[in-house]
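1. fold the following for me, if possible:
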Amino acid sequence: MNPHLAGSLKFAPVAFAASGLLALVSVCLPSLVFYDSPPPEAEIAKPSKVVVAPLGNYAAIVWRPLFNNDRRRDAPPPPPAPPKPPAPPTANNYQLVGIILSSNLRMALVERRADAQVAHLHIGDMLDGWTVKTIDASGVQLDGPSSTTELTIPRAAQRLPPGTASTAVAAVRPSTE
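-> Here you go, the predicted structure:
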């Protein structure tokens, strides 16, 4: 082997160890030299308490808004329109099932077809938006907001003898049970 080469190989492990030590010092040295230790606790600033003025001090912002061109308050929204009352059902939703007439009583028995409930009505009573105007032997007259209608029992007028308005008429439809 070449004597020159053999002499340089003797120092190779030392050179390798020296370069590793130099790399370690170059990495750790800046943190030791350039960074200070943290300040003592007395030097750390404590957060201060935020003081908010009373809301009354901000009234001008409410009454003179910054983002309106004329610095005037927005107009309040209009109140909602009241809901329209539902239209009364048509006379086809009812069926006159009986009339009771006497010297001191005038009553009509009117059935709601939707739920088969029978209402006992006198003159002036209300039925789903309809007002009972008259009750006589020929039927019942109902006044609504936009029209007047009459519910009749077709056979009642034929069976009633003329001039017997004070007699009781009870025409009831036959039971389906």
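2. and the longest helix anywhere in the chain, how far from the chain's centre?
-> Assignment by DSSP state H gives helix 12-34 as the longest helix of the chain. Relative to its parent chain, helix 12-34 has a centroid offset of 73 Å by CA atoms, centre = their mean, to the nearest Å.
3. using CSV, write out every CA atom in it.
-> Extracted in CSV, the C-alpha atoms of helix 12-34 (Å, rounded to 0.1, in the frame of the first residue of the first chain):
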residue,chain,number,x,y,z
ALA,A,12,-9.7,9.4,9.2
PRO,A,13,-11.6,8.4,12.3
VAL,A,14,-10.3,11.5,14.2
ALA,A,15,-11.3,13.7,11.3
PHE,A,16,-14.8,12.1,11.1
ALA,A,17,-15.3,12.7,14.8
ALA,A,18,-14.1,16.3,14.6
SER,A,19,-16.6,17.1,11.8
GLY,A,20,-19.5,15.6,13.8
LEU,A,21,-18.6,17.7,16.8
LEU,A,22,-18.3,20.8,14.6
ALA,A,23,-21.8,20.1,13.2
LEU,A,24,-23.3,19.7,16.7
VAL,A,25,-21.8,22.9,17.9
SER,A,26,-23.0,24.8,14.8
VAL,A,27,-26.6,23.6,15.5
CYS,A,28,-26.7,24.3,19.3
LEU,A,29,-24.6,27.4,19.5
PRO,A,30,-27.1,29.9,18.0
SER,A,31,-29.7,28.9,20.5
LEU,A,32,-27.3,29.4,23.3
VAL,A,33,-25.9,32.7,22.0
PHE,A,34,-28.9,34.5,20.4
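4. for it, name the packing helices and strands.
-> Helix 12-34 is packed against no helix or strand, with contacts defined by 3 or more CB pairs under 8 Å, 6 or more residues apart in numbering; DSSP states H and E. From N, CA and C alone the C-beta is placed, and that goes for glycine too.
5. ok, and what's touching that helix?
-> Contacts to helix 12-34, defined as CB atoms under 8 Å, 6 or more residues apart in numbering, come from no residue at all.
6. beyond that helix, next helix or strand please.
-> Where DSSP states H and E defines the elements, the next helix or strand beyond helix 12-34 is helix 59-63.
7. give the next helix or strand downstream of that following helix.
-> Following helix 59-63 in sequence, per DSSP H and E, is strand 94-101.
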